[in-house]
Every structure is written in structure tokens, then in C-alpha cells.
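A.B. asks: can't give you the sequence, but here's the structure:
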């Protein structure tokens, strides 16, 4: 089964045709959006997004979508999950951003352990007026790579989870660009990742490769 979930609508392709699946929507919330999905098995998928000003996770159990309630950061004005990667049905990492009580946009990461979601501390680039994680890939149960951008500084944002904590990785950047943005990442192994995005101010898309030691 191939599943795709966007903007609160889910479609599945089981035999060559797409069909809309009913999705679960939080009661009383009009602004519901799903923008990232990962399916660790043929009968389990996790989709992430936002419901109003709160983060949203929905789980596909093989027959229907069920809302999960991930925690929102304490004091956040708004929060959103943009990407998710599941190494197994009991090991998922979702990333995004939130606006804290000072009005600053900062990174957000949450981990699913098979029973609940918990927030993981994530670093932010100094000097940026915002930090966003847009995509994530977890090639093992203890390694994840997340990418995004840090408006206000030239470098794209890449962070690595080593099973216990997140750290920022240095990234190369196109000369002449006034910003470098990584929107998605895929890691077939812990030493090979490709991230893609764009570099505003210069012509051409942006692609970067992780070789296990540097981008």
C-alpha cells in the first residue's frame, strides 16, 4: 500500500487507483493540515501536521485514521510538525517548529516510542531570527538526520540525533545566496544522506550529501 496525506485528506493506492480515505479531525478545529507521512509497515502509517495552533499526529491502523495527541511545548504560541520518519512501528521521529513565549520561531522534535510522544530538546542557530526543521530521515533506531533553515543566517540547517541528543551539523552553502533552505532529506544508511531545497538569490535548486562525517 502507498499512502499520501496532505491538508487533512488522505488517499491510498492499493491496485492502481487513488481513493480518498476519511481522516480523523479534531472536534471544533477548522484549520487542520497534514504535511508529512511515514509508513513503517503496510498497515501502520503516521501523518503529522497541525490543528489550529497545536501539533497533530494521526495514525493509520490498516483500516482507519486515529488522532494521537503529541505534547505541545510549554508556553508556545503555536506549533507545527512538518516531517516524520519511522524506523519501526514503535520508533518515529517528527520535526517542525514552534513560536515560543517570546515570539521567536524555534525548532521542535518529538519521539514516538510505541506508546506516547515526547518532546526532545533541539538546538537552534545563534543569530537567526527563526529556526525551522522541515524534513527528517531515520536510517536506524538511534540515528536521525533533520533538515530545515535558519532565516537571518546564510547556512542551511541540519541536525543529527545520535540516540540521546540533537546536535547541529555544519553545512556548505551556495555563494551569492542570501539564504539556503533544505526542505527534505532521505538517508538509506547512517553514512549516506541526500538533502534538497533551494538557495534564494541564486539560480538553481540546492542538493547536499552527507557522507557520514560532513556535508
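C.D. replies: Arrived safely. Note that the structure is a prediction, hence the values are computed from the model and not measured.
A.B. asks: quick one: the residue most central in space within the chain and residue 16, what's the gap?
C.D. replies: When C-alpha atoms, centre = their mean is applied to the chain, the residue found nearest the centroid is residue 83 (2.1 Å). From residue 83 across to residue 16, the span is 28 Å (C-beta to C-beta, to the nearest Å). The way it works is simple: take the backbone N, C-alpha and C, and place the C-beta from them, glycine included.
A.B. asks: picking that back up, who touches the residue nearest to the centre of the chain in this structure?
C.D. replies: Contacts for residue 83 (C-beta atoms under 8 Å, 6 or more residues apart in numbering) come out as 35-36, 48, 94-96, 133-136, 146, 184.
A.B. asks: which among those gets closest to residue 64?
C.D. replies: residue 48 (17.4 Å; C-beta to C-beta).
A.B. asks: can I get the contacts of residue 83 in JSON lines including neighbour count, distance to residue 71 and pLDDT?
C.D. replies: Shown next, in JSON lines, are the contacts of residue 83 (neighbours: other C-beta atoms under 10 Å; distance: C-beta to C-beta, whole Å; pLDDT from 0 to 100):
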{"residue": "35", "neighbour count": "20", "distance to residue 71": "19", "pLDDT": "96"}
{"residue": "36", "neighbour count": "23", "distance to residue 71": "18", "pLDDT": "98"}
{"residue": "48", "neighbour count": "29", "distance to residue 71": "13", "pLDDT": "99"}
{"residue": "94", "neighbour count": "30", "distance to residue 71": "11", "pLDDT": "99"}
{"residue": "95", "neighbour count": "29", "distance to residue 71": "14", "pLDDT": "99"}
{"residue": "96", "neighbour count": "27", "distance to residue 71": "13", "pLDDT": "99"}
{"residue": "133", "neighbour count": "27", "distance to residue 71": "16", "pLDDT": "99"}
{"residue": "134", "neighbour count": "23", "distance to residue 71": "20", "pLDDT": "99"}
{"residue": "135", "neighbour count": "22", "distance to residue 71": "21", "pLDDT": "99"}
{"residue": "136", "neighbour count": "30", "distance to residue 71": "18", "pLDDT": "99"}
{"residue": "146", "neighbour count": "30", "distance to residue 71": "18", "pLDDT": "99"}
{"residue": "184", "neighbour count": "17", "distance to residue 71": "25", "pLDDT": "99"}
